[in-house]
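Undergrad: predicted model follows, preceded by the sequence.
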2 protein chains.
Amino acid sequence: MKILLVEDEAAIQEQLKNALNKEGYAVDQAFDGEDGLYYATEYPLDMAIIDIGLPKLNGLDLISKIREQGHAFPILILTARSRWQEKVEGLSRGADDYLVKPFQVEELLARVNALLRRSSGFATPIITRGPIELNSSTKQIKLNGGELDLTAYEYKVLEYLMMNPEKVVSKTELTEHLYEQDHDKDSNVLEVFVRRLRKKLDPEGLLNPIETLRGRGYRINPTL
Amino acid sequence: MKILLVEDEAAIQEQLKNALNKEGYAVDQAFDGEDGLYYATEYPLDMAIIDIGLPKLNGLDLISKIREQGHAFPILILTARSRWQEKVEGLSRGADDYLVKPFQVEELLARVNALLRRSSGFATPIITRGPIELNSSTKQIKLNGGELDLTAYEYKVLEYLMMNPEKVVSKTELTEHLYEQDHDKDSNVLEVFVRRLRKKLDPEGLLNPIETLRGRGYRINPTL
DNA sequence: CTCGTCTTGTCAATTTATTGACAAGCTTGG
DNA sequence: CCAAGCTTGTCAATAAATTGACAAGACGAG
């Protein structure tokens, strides 16, 4: 899952980026409103966290522009305590939730998790498909009831696929959502992760949990 | 769909085989009960048509042996008018339907069609999946409501896949059910037919009606 | 019966995915 | 701070499917 973080105070940027990374999210960073708009326009995002008080293009206008472009991903706004009234304006321009600074990082992470989950159309943090159960809040996987441990990236790949059931997810899409900015296009890391995932999810190779649609991408087996 | 025809009178064999072929079925021929048992044991069948009066191993015993082996495909028996009572015994041994000789070939075809359809679990002759509609009684295909014409083999491939929705059908299975006895194992005819089918069903390549499961086979797209 | 057309089957080139082995990078506990 | 172990990423070999072009065969109209 990729999150755009628009925040001008460098210290907060770093702190939040680290926390989000640890939680397993890819973060694109922008330090002013114009930059933020650029990322929102050019790259696929799963959500944005926007500080209202921004140089160049203020947070409220940034939200408006993003929504004008038709992007539907959730937006979480951050406001200074002294300007808490702005939250109302932010929500009316299309933001989905807000947080008043200062706040606990855990609080932010909880809201981010919830927004992402709901925007994928799930009411609860647990998604089940056949023998696989994914808990997006604890980031744990159970296979036939038993704990299964996956590495961070293995989890990300599986989560993205499970959050988009029925959908054929192209390798490009997966890469763009799991990795930050740049990243080498002609590498086969993804194939390799899919392989490792398959081996852990289905060592015997019987149920084929992740299907390959040649030339189109991957999909969670809809018949599971 | 492959049918085993066990009938000792050569003239009738030929007549029926031709009729069945024209109807689009692959026919394995046996001229006595032992031969019939051999085919039923060694090859995958979709149904059998058995004349009760047979040399070596009579039709009734053949039915019993087939069922003992656990085969569930439908069996249609043929009895001479003078021995019509045998039909009762045949049915009690596991046959599914009977026909008294002489009969109209059309009558036979109609029963064969119906038996095959029902054994695939369909109540009506029309199977629909997304934009594709298959009528197993007229052997016609409609795509988005419009008539689509397929060659005989293209139809067979599609029918077999549609009769087995959700199932991943291996190339071997497809080949065995569509072609009579022998047939070259390492040919790629099947791939070629699948390609032609795909082109007719979905010229733009958008909905991917026939999926490839690498190393496992083909399947009708379950998300259609 | 024969020609022309449509269908079926073959083949080789290409594309794409899978796989194992290994190297580089990180993380962490001592 | 360092080493051991795990995770991530790269690479090359192989396997499998796709594709277009073409040849052989079947079929039907005249």
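TA: Yep, it's here. Numbers count the residues shown, from 1 in each chain, chains lettered A, B, ... in the order given.
Undergrad: and the helix or strand where residue A:100 lies, what does it pack against?
TA: In the assignment (DSSP states H and E), residue A:100 maps to strand A:97-101. Contact partners of strand A:97-101 among helices and strands, from 3 or more Cβ pairs under 8 Å, 6 or more residues apart in numbering or on different chains; DSSP states H and E: strand A:75-80, helix A:86-92, helix A:105-119. From N, CA and C alone the C-beta is placed, and that goes for glycine too.
Undergrad: measure residue A:99 to DNA strand D for me?
TA: From residue A:99 across to DNA strand D, the span is 28 Å (Cβ to the nearest atom of the strand, to the nearest Å).
Undergrad: that residue is in contact with residue A:108, isn't it?
TA: Yes - the criterion here is Cβ atoms under 8 Å, and residue A:99 meets it with residue A:108 at 6.1 Å.
Undergrad: which residues are common contacts for the two?
TA: Counting by Cβ atoms under 8 Å, 6 or more residues apart in numbering or on different chains, the contacts common to residue A:99 and residue A:108 are residue A:76.
Undergrad: can you pull the pLDDT of residue A:186?
TA: On pLDDT, residue A:186 comes in at 82.
Undergrad: return the per-residue confidence for residue A:183.
TA: Here, the pLDDT recorded for residue A:183 equals 73.
Undergrad: let me see the contact set for the residue nearest to it when sequence neighbours are not counted.
TA: Excluding its sequence neighbours, the residue lying closest to residue A:183 (Cβ to Cβ, 6 or more residues apart in numbering or on different chains) is residue A:175, at 6.3 Å. Shown in contact with residue A:175 (Cβ under 8 Å, 6+ apart): A:183, A:185, A:190.
Undergrad: ok, now how distant is residue A:124 from residue A:32?
TA: Note on residue A:124: its distance to residue A:32, by Cβ to Cβ, to the nearest Å, is 37 Å.
Undergrad: ok, the two, which is more surrounded?
TA: Legend: neighbour count by other Cβ atoms under 10 Å in any protein chain shown for residue A:124 and residue A:32, higher for residue A:32 (17 against 11).
Undergrad: how near is the residue nearest the centre of chain A to residue A:162?
TA: When Cα atoms, centre = their mean is applied to chain A, the residue found nearest the centroid is residue A:1 (2.5 Å). Plainly put, residue A:1 is 12 Å away from residue A:162 if you go by Cβ to Cβ.
Undergrad: re earlier: ok, the residue nearest to the residue nearest to the centre of chain A when sequence neighbours are not counted - how many residues close by?
TA: Distances taken as Cβ to Cβ, 6+ apart place residue A:46 nearest to residue A:1, at 4.5 Å, with adjacent residues excluded. Neighbours of residue A:46 under the rule other Cβ under 10 Å: 20.
Undergrad: which pLDDT value goes with residue A:46?
TA: 97.
Undergrad: for chain A, which residue gets nearest to DNA strand D?
TA: Using Cβ to the nearest atom of the strand, the closest approach of chain A to DNA strand D is made by residue A:151 at 2.8 Å.
Undergrad: enumerate every residue touching the nearest residue to residue A:57 once chain neighbours are set aside.
TA: If the residues on either side of it in the chain are set aside, residue A:57 comes closest to residue A:33, at 2.8 Å by Cβ to Cβ, 6+ apart. Neighbouring residues of residue A:33 by Cβ under 8 Å, 6+ apart: A:6, A:54-59, A:61-62.
Undergrad: buried ones among the residues you listed?
TA: A:6, A:54, A:57-59, A:62 (16 or more other Cβ atoms under 10 Å in any protein chain shown).
Undergrad: mind giving me the domain split of chain A?
TA: Here the domain parsing of chain A from automatic domain parsing is A:2-119, A:126-220.
Undergrad: just send the ones you listed back as TSV, with distance to residue B:40 too.
TA: Listed next are the domains of chain A as TSV, based on distance: least, Cβ to Cβ, whole Å:
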stretch	distance to residue B:40
domain A:2-119	54
domain A:126-220	29
